[in-house]
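Colleague: sequence isn't available, so here's the structure alone:
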């Protein structure tokens, strides 16, 4: 009996000893395995896909981590910017506003196309509005502009924020003028879209004469947009109380026909001229442009408006 107990105790002790020596070995093996394991996301594509899937599932911390991992890989400028734009949606959900601003700034400074940066900024300002962070966004970039009055990135972001959050057209015009002055100082070529945007903003800021003159200058400088600019100038002169100048430019634009790629779109070019001709009771050209506007309208509301205007035109005497 004693021998049996002793034998059992010896076996038990042996098990304890074996366990005591083997446990650290297992731990060591696990640690070594972890160290030799591949990265969580072995490629840009897999990291970006994971970021998107986590975001769609509302798992924003995991989405952030995956997207940030994607940025560590080499990728095309467009792919990188796509990830940065995705982070504009993710960071605010985590309250990480500084990071939100930083990725927006990176997009502005190196976009794959100007429209890409424009859409990204609109998204950021829209999210800030929804999250009640609009005032903080404005204060941040206004303070930055005071420190660096010629910082292009700050001017671009602030122009979009002022437009969307405050609808302050005089302030927007000032920011656009500063950007255009920077372009000239840096020897950059004429940015048609930016100058046209300024001309349009001046009209909204009740500076119709300046707007009209700027559009006419653009018509001379950019022949491919001549007809569009003349039509816009005509509208500004009409609002400035200069109907003779307005109708003269409207006739010239109509005779030229639309630009190959109108400044806004074909509907707006026709509609603007049609409205001007109707104000001057010019039946034939008004009929021509309302008919064309209706044909190029992309939504029912525009077509219905044209139908109503056509009734007024048809009632005019020949």
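Modeller: Arrived safely. No experiment lies behind these values; they were computed from the predicted model shown.
Colleague: any idea how far the residue lying closest to residue 281 once chain neighbours are set aside lies from residue 303?
Modeller: With Cβ to Cβ, 6 or more residues apart in numbering as the criterion, residue 281 has its nearest non-adjacent residue at 6.0 Å, and that residue is residue 316. For every residue, glycine as well, the C-beta is placed using N, CA and C. Distance of residue 316 to residue 303, given as Cβ to Cβ, to the nearest Å: 21 Å.
Colleague: before we move on, what about residue 242?
Modeller: 31 Å.
Colleague: cool, residue 73 as well?
Modeller: 48 Å.
Colleague: looking at these two, which is more packed in?
Modeller: residue 73 (18 against 15; other Cβ atoms under 10 Å).
Colleague: show the pLDDT at the more buried one.
Modeller: Reported pLDDT at residue 73 in the predicted model: 96.
Colleague: and the strand or helix carrying residue 179, what's buried?
Modeller: Assigned by DSSP states H and E, residue 179 belongs to helix 169-185. Counting neighbours by 16 or more other Cβ atoms under 10 Å, one finds that the buried residues in helix 169-185 are 169, 171, 172, 173, 174, 175, 176, 178, 179, 180, 183.
Colleague: looking at it, the fourth one is touching residue 207, isn't it?
Modeller: If I follow you right, that is residue 173. Yes. Residue 173 is in contact with residue 207 according to Cβ atoms under 8 Å; the separation is 7.5 Å.
Colleague: so what does residue 316 look like in phi/psi?
Modeller: phi -70, psi 150 (degrees, to the nearest 10).
Colleague: start the count at 35, not 1, going forward
Modeller: In the new count, where the first residue is 35, that last one comes out as residue 350.
Colleague: how near is it to residue 288?
Modeller: Residue 350 is 17 Å from residue 288, by Cβ to Cβ.
Colleague: neighbour count for these two, which is higher?
Modeller: residue 288 (23 against 13).
Colleague: hmm, that one is touching residue 319, no?
Modeller: Yes. At 5.7 Å, residue 288 counts as touching residue 319 under the criterion of Cβ under 8 Å.
Colleague: need the overlap of contacts for the two.
Modeller: 307, 311 (Cβ atoms under 8 Å, 6 or more residues apart in numbering).
Colleague: all set, thanks.
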